[in-house]
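A.B. asks: Mind folding the following:
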Amino acid sequence: MTGALCLKRHSCFVQNVISARHLCPLRLSLYKALNMISMKQLILPILLSLLYTSVTAQYIQYDLPKRIDPARYYMFYLHGGVVTVKGDNAITDAVPEWGPYQYSRILDTLRAHGFYVISERRLPGIDDSIYVRKIVKQVDTLLKAKVPLPNIVLVGASAGSNIVLHVAGRLRNWEMKYVIMGGCWPETYKDYLNLNIVGRFLSVIESSDPHGTCVKIFENRSREELDLREFKLETGLSHGFIYKPYAAWVGQLVSWFGIYTQDYRARVAGLVDGH
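C.D. replies: Numbering: from 1, shown residues only. This next block holds a predicted model:
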């Protein structure tokens, strides 16, 4: 009866400001039960978050290392658009034959070639300019830490190429290296007519890809501030050539990087699905 009267007289809404020793027996039991439930609800997401971080951290590193080694090679990798929408191993619904976009596997492969890889899964609804500003600051941080310019490279696949080009337009440094892959439609060049693009560029395209050459972006620009090499693959993979770390493009990338970087020794890229 005492407990019933206590329950009737006092609200059972538990507030943090009320000390448990002031509660009547029934309310105290309810208080403890609610606290146990709340703790479980709080702890579970934390544990899941820690588990997720431990699983994915070995694949995706979106920031610079706490201690920057000037002797290392640093690569920024900007993924294609399907990863923005659907995440790692995403499949483009309209063309499932391209297979999953193996984002983590690509990063692992590039890391195996001697690079500290900085990459971030971009989120829907966030303008590219946000990522451009962030990467420009990160590159500046590397340079202030005495990392030589030849040791830094930006790689943009498909939609990621837009960010790479705008970073080049912000940094405007002849020695910076940039790679764009499968990022140009026939009219894409018009988006960059007013952008002062400076740097060394490798463009990788695929003959069966509806995206085509990027040469027009670089036409009528000063040869003293710009260098472009474009390589056409013949894999028959269409735009799917960027979806996996195929040796066809990885090999071209690391070989080209080595041309301008003293001491870097490109190793042979391993075949993926025969390419």
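
A.B. asks: now this protein, which segments are flagged as low pLDDT?
C.D. replies: 1-59 (pLDDT under 70).

A.B. asks: Do you have the helices of it handy? List them.
C.D. replies: Here the chain has its helices, by DSSP state H, at 2-9, 25-56, 81-86, 103-112, 128-144, 160-171, 247-260.

A.B. asks: Which residues does stretch 122-130 contact?
C.D. replies: Residues from elsewhere that reach stretch 122-130, judged by Cβ atoms under 8 Å, 6 or more residues apart in numbering: Leu78, His79, Val83, Thr84, Val85, Tyr131, Asn162, Ile163, His166. In short, each C-beta sits where N, CA and C put it, glycine included.

A.B. asks: in stretch 92-111, what counts as buried?
C.D. replies: 92, 98, 100-107, 109-111 (16 or more other Cβ atoms under 10 Å).

A.B. asks: Adding distance to Ser238 as columns, could you present the residues you listed in CSV?
C.D. replies: Shown next, in CSV, are the buried residues of stretch 92-111 (distance: Cβ to Cβ, whole Å):
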residue, distance to Ser238
Thr92, 11
Trp98, 7
Pro100, 15
Tyr101, 13
Gln102, 16
Tyr103, 18
Ser104, 22
Arg105, 19
Ile106, 17
Leu107, 22
Thr109, 20
Leu110, 22
Arg111, 27
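
A.B. asks: quick check, nearest of those residues to Asp69?
C.D. replies: Arg111 (14.6 Å; Cβ to Cβ).

A.B. asks: now that closest one, nearest residue through space, not along the chain?
C.D. replies: Using Cβ to Cβ, 6 or more residues apart in numbering and skipping the chain neighbours, the partner closest in space to Arg111 is Val117 (5.1 Å).

A.B. asks: Quickly list what the one you found is bridged to.
C.D. replies: Judged by DSSP bridges, the bridge partners of Val117 are Met75.

A.B. asks: can you pull the contacts of Ser238?
C.D. replies: By Cβ under 8 Å, 6+ apart, the contact set of Ser238 is Val95, Trp98, Glu206, Ser208, Asp209, Pro210.

A.B. asks: Was I right to think the first one contacts Gly240?
C.D. replies: Put plainly, it is Val95. Yes. Counting by Cβ atoms under 8 Å, Val95 touches Gly240, with 7.3 Å between them.

A.B. asks: ok, Asp127 to Ile163 distance?
C.D. replies: The spacing between Asp127 and Ile163, counted by Cβ to Cβ, to the nearest Å, is 10 Å.

A.B. asks: With neighbour numbers in mind, choose between the two.
C.D. replies: Here Asp127 and Ile163 are compared on neighbour count by other Cβ atoms under 10 Å; more neighbours surround Ile163, at 23 against 8.

A.B. asks: Report the contact partners of that one.
C.D. replies: Taking Cβ under 8 Å, 6+ apart, we find Ile163 in contact with Leu78, Asp128, Tyr131, Val132, Ile135, Gly156.
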